[in-house]
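Student: Sequence plus predicted model, see below.
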Amino acid sequence: MTVMATEPLADIPVGHYIDGRWTDDEATMPVENPATGAVIAQVADAHAGTGVAALDAAVAAQSDWAATDPRRRSDLLMAVFRLLHERAERFATLITLEMGKPYAEALSEVAYGAEFLRWFAEEGVRGGGKYFRAPTGDRRILVTRQAVGPVFAITPWNFPLAMVTRKIAPALAAGCTVVLKPAPQTPLTALEFMRVLHDAGVPAGVVNCLTTSNAAEVSTPVITDERLRKLTFTGSTTVGRLLLAQASRRVLRTSMELGGNAPFVVLESADLDKAVSGAVAAKMRNTGQACVSANRFLVHESLAAAFAQRLAAQLAGLPVGDGMRPGTQVGPLIDRAAVDRVAGLVADAVDRGARLLPGAEIPQSTGYFVAPAVLTEVDPAARVLREEIFGPIAPITAFTTTDEALAAANATEAGLIGYVYGENLGETMLFAEGMQTGMVGVNTGVVSDAAAPFGGVKASGIGREGGSEGLEEYLETKYIGVAF
Ligand code: SIN
């Protein structure tokens with residue numbers, strides 16, 4: 001196997017995993033630790049031919065995998081689930097080293113990511129279907145479901161393991177084979193996950209993984225190849241639109257989990273303590289680098305000042321630093337460009353009159369740190385309210401009426417998730433129903449769950465991941481009309 005000895009982890013796979021074998025590429029690309037800026041590994045950097053070779057392997061394995069008993073596929077997914085738990089510390093270390101999130105949070109990601117394997121191992125054996133007499137009486141209508149076929153999965157860097165398992169587990173449960181392209185910033189976790197699949201006995205070719213810095217060069221020949229049946233992507237709306245344009249030419253099945261601009265609404269009836277602790281969770285998970293991160297805080301005018309003060313105090317008290325250092329609760333952003341982008345959003349808001357409340361201390365470091373902080377008196381035209389921040393900044397605006405808050409919450413092309421806090425059950429639930437989003441957190445700042453359908457409406461995407469809906473994304477409905 002192609003490996004590289006890197007402290008504190010030795011034996012990290014750094015080649016592509018294709019047809020059950022590890023392969024090198026002539027070119028390599030560096031992987032950085034965002035807490036220090038240091039290069040921690042060099043991995044293979046694929047070119048166009050690598051993507052097609054991976055698809056060849058997935059296509060060759062497709063019919064045998066689809067024909068494998070659902071129980072056998074389920075047992076393999078459970079074996080992967082158990083191995084992931086056995087190797088949780090190794091995965092958490094890798095996630096922290098290449099992505100930056102604090103080690104405790106990385107361990108939670110391993111548990112969350114593993115849960116998709118268990119969930120879809122259970123869902124995959126529950127075959128469905130229908131058999132009934134047609135209204136005309138001249139035939140029987142038989143409705144069954146079949147695996148879609150080879151899938152191309154493109155995953156982001158913010159959850160280097162969970163976004164991979166959230167796609168691979170349902171694909172495998174449904175009988176689809178996969179070509180995976182993880183984000184270039186976080187290839188090590190995905191490659192290590194290939195080793196788990198291999199060790200668990202998942203047959204060669206069923207999952208193939210290539211790493212590349214040439215996303216378009218490698219992806220285009222795969223997406224345009226007529227043997228590919230499905231594209232699943234998690235990432236920005238901008239890239240999602242480009243991929244959808246390519247996929248439309250092939251009329252390809254797609255699942256798109258794209259950007260958000262989540263409103264976090266605190267109604268007049270809210271319990272302030274609960275709202276502040278939910279706000280910290282919804283804002284600070286992953287240092288704000290999640291599509292479901294609270295992006296805009298809309299707070300009833302009677303609570304706005306106290307909410308801002310308490311949230312600012314909580315954020316200012318969070319220890320920021322290297323995620324491998326014990327006690328760290330906030331890690332770095334993914335790279336220098338992310339730091340510059342967030343700084344630009346804050347500067348734009350301040351230029352338009354916003355007040356930046358004192359934030360957390362950031363370490364003297366070569367890493368990519370941003371101080372968690374609250375912005376108040378934010379002009380409605382400020383970019384920080386319109387763009388996905390992907391960082392630890394919490395802009396707060398006050399509202400007077402609930403109708404005004406709902407209109408502001410929905411005034412975005414994004415529709416992934418919204419949060420609403422309120423103790424008046426009727427008003428709070430009506431608000432949740434009125435939010436134009438695929439998901440709502442009511443009196444909670446975290447909704448992610450392998451058993452629940454994750455996904456957005458409007459420009460936030462197409463399809464759902466997790467829940468029973470997540471399996472449907474990898475199944476085609478087939479109708480067989482039977483006359484006798
Ligand atoms: C995401 O940021 O896309 C995923 C967040 C989650 O699964 O909770």
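Tutor: Sure, I can see it. Since this is a predicted model, take the numbers as computed values, not measurements.

Student: Now do the same contact list for R229.
Tutor: Counting by Cβ atoms under 8 Å, 6 or more residues apart in numbering, R229 makes contact with V148, G149, P150, V151, C176, L252, R253. (Glycine included, C-beta is placed from N, CA and C.)

Student: Redo the residues you listed as CSV? Include distance to the ligand.
Tutor: Conversion of those to CSV gives the following (distance: Cβ to the nearest ligand atom, whole Å):
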residue, distance to the ligand
V148, 22
G149, 25
P150, 24
V151, 18
C176, 21
L252, 21
R253, 20
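
Student: Quick check: chain neighbours aside, which residue is closest to G175?
Tutor: Of all residues not flanking G175 in the chain, A147 sits nearest, at 3.3 Å (Cβ to Cβ, 6 or more residues apart in numbering).

Student: Touching, that neighbour and V178? I think so.
Tutor: No. Using Cβ atoms under 8 Å, A147 is not in contact with V178, being 11.3 Å away.

Student: Looking at those two, which is more packed in?
Tutor: V178 (26 against 23; other Cβ atoms under 10 Å).

Student: And the more buried one, what's its pLDDT?
Tutor: Looking at V178, its pLDDT reads 99.

Student: R227 versus the residue nearest to G175, what's the distance?
Tutor: Separation of A147 from R227 (Cβ to Cβ, to the nearest Å): 14 Å.

Student: do I362 as well
Tutor: Separation of I362 from R227 (Cβ to Cβ): 49 Å.

Student: Quick check: residues of the stretch 201-350 of the chain near the ligand?
Tutor: Residues of the stretch 201-350 of the chain lying near the ligand by Cβ under 6 Å from any ligand atom: T234, E257, A290, C291, V292.

Student: residue ranges of the helices in the stretch 351-484 of the chain, please?
Tutor: Using DSSP state H, counting those that start in this stretch, the helices assigned to the stretch 351-484 of the chain run over residues 383-386, 402-410, 425-434, 467-472.

Student: Mean confidence (pLDDT) on the first one, please.
Tutor: The pLDDT scores in helix 383-386 average 98.

Student: what residue is smack in the middle of the chain?
Tutor: By Cα atoms, centre = their mean, the chain has its centre lying nearest to M163, at 4.7 Å.

Student: Would you agree that residue falls within a strand?
Tutor: No. Using DSSP: H, G, I helix; E, B strand; the rest coil, the assignment for M163 is helix, not a strand.

Student: any idea how far it lies from S269?
Tutor: For M163, the distance to S269 - Cβ to Cβ - is 36 Å.

Student: which stretches of this structure have low pLDDT?
Tutor: 1-9 (pLDDT under 70).

Student: Might one say that G422 is in contact with A270?
Tutor: Yes. Counting by Cβ under 8 Å, G422 does reach A270; the two are 5.1 Å apart.

Student: Please point out which parts of stretch 203-214 sit buried.
Tutor: Within stretch 203-214, the residues that count as buried by 16 or more other Cβ atoms under 10 Å are P203, G205, V206, V207, N208, C209, L210, T211, T212, S213, N214.

Student: What are the phi and psi values at A44?
Tutor: Dihedral pair for A44: phi -60, psi 140, per degrees, to the nearest 10.

Student: what bridges to it?
Tutor: Going by DSSP bridges, A44 is paired in beta bridges with T28.

Student: Can you flag the buried ones in the contacts of R229?
Tutor: Restricting the contacts of R229 to buried positions leaves V148, G149, P150, V151, C176, L252, R253, with burial counted as 16+ other Cβ under 10 Å.

Student: show me the contacts for the fourth one.
Tutor: Looking back up the chat, that one is V151. Each residue near V151 by Cβ under 8 Å, 6+ apart is listed here: 58, 167, 171, 176-179, 228-232, 474.

Student: Among those, which lie within strands?
Tutor: V178, V179, K230, L231, T232 (DSSP state E).

Student: Who wins on neighbours among those residues?
Tutor: Within these, most neighbours by other Cβ under 10 Å means V179, with 29 neighbours.

Student: What residues are bridge-paired with it?
Tutor: Applying DSSP bridges to V179 yields these beta-bridge partners: F152, N208.

Student: I figured it hits L55, correct?
Tutor: Yes. With contact defined as Cβ under 8 Å, V179 reaches L55; the gap is 5.5 Å.

Student: which residues are in contact with both of these two?
Tutor: Contacts common to V179 and L55, judged by Cβ under 8 Å, 6+ apart, are P150, F152, N208, V222.

Student: wait, what's in contact with the residue lying closest to T186 once chain neighbours are set aside?
Tutor: Nearest non-adjacent residue to T186, counting by Cβ to Cβ, 6+ apart: P160, 3.8 Å away. By Cβ under 8 Å, 6+ apart, the contact list for P160 reads L94, I95, E98, M99, E109, P182, A183, T186, L188, T189, A190.

Student: Who are the contact partners of the second one?
Tutor: Contacts for I95 (Cβ under 8 Å, 6+ apart) come out as K101, A106, E109, V110, P160, L161, T186, T189.

Student: please redo it, this time with the cut-off set to 7 Å
Tutor: Applying Cβ atoms under 7 Å, 6 or more residues apart in numbering, we find I95 in contact with K101, A106, E109, P160, L161, T189.

Student: next one: G323
Tutor: So G323 contacts A35, T96, G100, K101, P102, Y103, A106, G331 (Cβ under 7 Å, 6+ apart).

Student: Also L416?
Tutor: Contacts of L416 (Cβ under 7 Å, 6+ apart): G260, A262, C291, V292, T437, G438, M439, G456, S460.

Student: same question, K478
Tutor: K478 makes contact with T144, R145, Q146 under the criterion Cβ under 7 Å, 6+ apart.

Student: can you redo the residues you listed as TSV with neighbour count, secondary structure and distance to the ligand?
Tutor: Formatted as TSV, the contacts of K478 follow (neighbours: other Cβ atoms under 10 Å; DSSP: H, G, I helix; E, B strand; the rest coil; distance: Cβ to the nearest ligand atom, whole Å):
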residue	neighbour count	secondary structure	distance to the ligand
T144	15	strand	31
R145	17	strand	26
Q146	13	strand	28
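
Student: Include secondary structure when you put the contacts of R229 into TSV, please.
Tutor: Output for those, formatted as TSV (three-state DSSP):
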residue	secondary structure
V148	coil
G149	coil
P150	coil
V151	strand
C176	coil
L252	coil
R253	strand
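
Student: Those residues: which two are farthest apart?
Tutor: Largest separation among the contacts of R229 by Cβ to Cβ: C176 and L252, giving 13.2 Å.

Student: State the number of residues packed around the residue of the stretch 351-484 of the chain found nearest the ligand.
Tutor: Nearest residue of the stretch 351-484 of the chain to the ligand, counting by Cβ to the nearest ligand atom: S448, 3.2 Å away. By other Cβ under 10 Å, 18 other residues sit near S448.

Student: ok, it to K458 distance?
Tutor: According to Cβ to Cβ, S448 and K458 sit 20 Å apart.

Student: What of Y474?
Tutor: 24 Å.

Student: Of the two, which one has the most company?
Tutor: Per other Cβ under 10 Å, whichever of Y474 and K458 has more neighbours is Y474, with 28 against 17.

Student: For that one, which non-adjacent residue is closest in space?
Tutor: Among residues not flanking Y474 along the chain, A174 sits closest, at 3.6 Å (Cβ to Cβ, 6+ apart).

Student: I'd say the one you found and A147 touch.
Tutor: Yes. A174 is within contact range of A147, at 5.1 Å (criterion: Cβ atoms under 7 Å).

Student: shared neighbours of these two, anything?
Tutor: Between them, A174 and A147 share these contacting residues under Cβ under 7 Å, 6+ apart: Y474, L475.
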